[in-house]
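Engineer: Okay, sequence plus prediction incoming.
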Amino acid sequence: MLQRESFKIAGFYQSNGGGPDRSKDRKGGLRENMVDFIRKNLRRKAGAEKGNITLLFAATLVLLIFFIGVSLDLGMIYMERNELIDLCQVIREDRFTYQDTIRFAENPGLTSYRIISDTMADNGFDGTVKVYFSEREPESNYRYYRIRTKLSVKYSYSFLRLFGLNSATVSAFVDGGETYGEGINDVVWYPQMPVSRYNGSYTGTGAGGYGGYVYDASDLPADW
């Protein structure tokens, strides 16, 4: 009896009288191993998710910078074109001021270009001025001409330069024209110079109408 109790106290007693009971130790060790495995797996997943979030944030930041840069350049182009449209409105208003000057000019094409180029110089425009002039063969009682002024400036990209795009040409134009003589008995003045001598395009800068220019008799808008 005393011997059996001693075994119970020492923790070696089993109901069948067998050896030491180690089943609890095995279960405890297995449980600890499972807990360690789960912890390591969770740490690994957390690290992977943290890396994915960092990559996603970096990609989003790059796209955001790209769209901001593109929007900046496009916004500047839009502002440049609005300024050209305002200058075209000035040209439209001047046409009524100088219509008699053009009407009685011996070379109405060149006269139109000089008037418009001087006006652009007075307004601080330093881009390209191109004036298209086309007059029908005049008759004694009828005369008609068309005129188109095209203003162009070169815009240098700020952001898109990083992608190999250096500049873009921004343009705006305004059309006009005049008709003289309505009745069959009207007498209309017209230049002695044939229209083939002044029809065409006149191209120069906004430095003033008496500066250098290029005349091309064959250059007229395709939609005329």
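Structural biologist: Noted; the coordinates are in hand. Numbering: from 1, shown residues only.

Engineer: So which residue is smack in the middle of this protein?
Structural biologist: Taking Cα atoms, centre = their mean, the centroid of the chain lies closest to L74, which sits 3.0 Å from it.

Engineer: what's the neighbour count on the closest residue to A168 other than its chain neighbours?
Structural biologist: Leaving out its chain neighbours, the residue that sits closest to A168 by Cβ to Cβ, 6 or more residues apart in numbering is Y155, at 5.3 Å. Heads up, the C-betas are built off the backbone N, CA and C, glycines and all. When neighbours are defined as other Cβ atoms under 10 Å, Y155 has 15 of them.

Engineer: Checking D73 next. Helix, strand or coil?
Structural biologist: Following DSSP: H, G, I helix; E, B strand; the rest coil, we place D73 in the helix state.

Engineer: Tell me if I'm right that it and S156 touch.
Structural biologist: No. The pair D73 / S156 is not scored as a contact, 9.6 Å apart, by Cβ atoms under 8 Å.

Engineer: For these two, work out which one has more neighbours and name it.
Structural biologist: A side-by-side neighbour count of D73 and S156, using other Cβ under 10 Å, places D73 first with 18 against 12.

Engineer: Relative to I102, how far out is the more buried one?
Structural biologist: Per Cβ to Cβ, to the nearest Å, D73 is found 39 Å from I102.

Engineer: Please apply the same query to G109.
Structural biologist: Counting by Cβ to Cβ, the gap from G109 to I102 is 9 Å.

Engineer: Look at those two and report which has more neighbours.
Structural biologist: Between G109 and I102, counted using other Cβ under 10 Å, the more crowded position is G109 (27 against 19).

Engineer: ok, the more buried one - contacts?
Structural biologist: Each residue near G109 by Cβ atoms under 8 Å, 6 or more residues apart in numbering is listed here: 131, 133, 135, 198-200, 202.

Engineer: ok, of these, which one's closest to D86?
Structural biologist: Comparing the contacts of G109 against D86 with Cβ to Cβ places V131 closest, at 18.2 Å.
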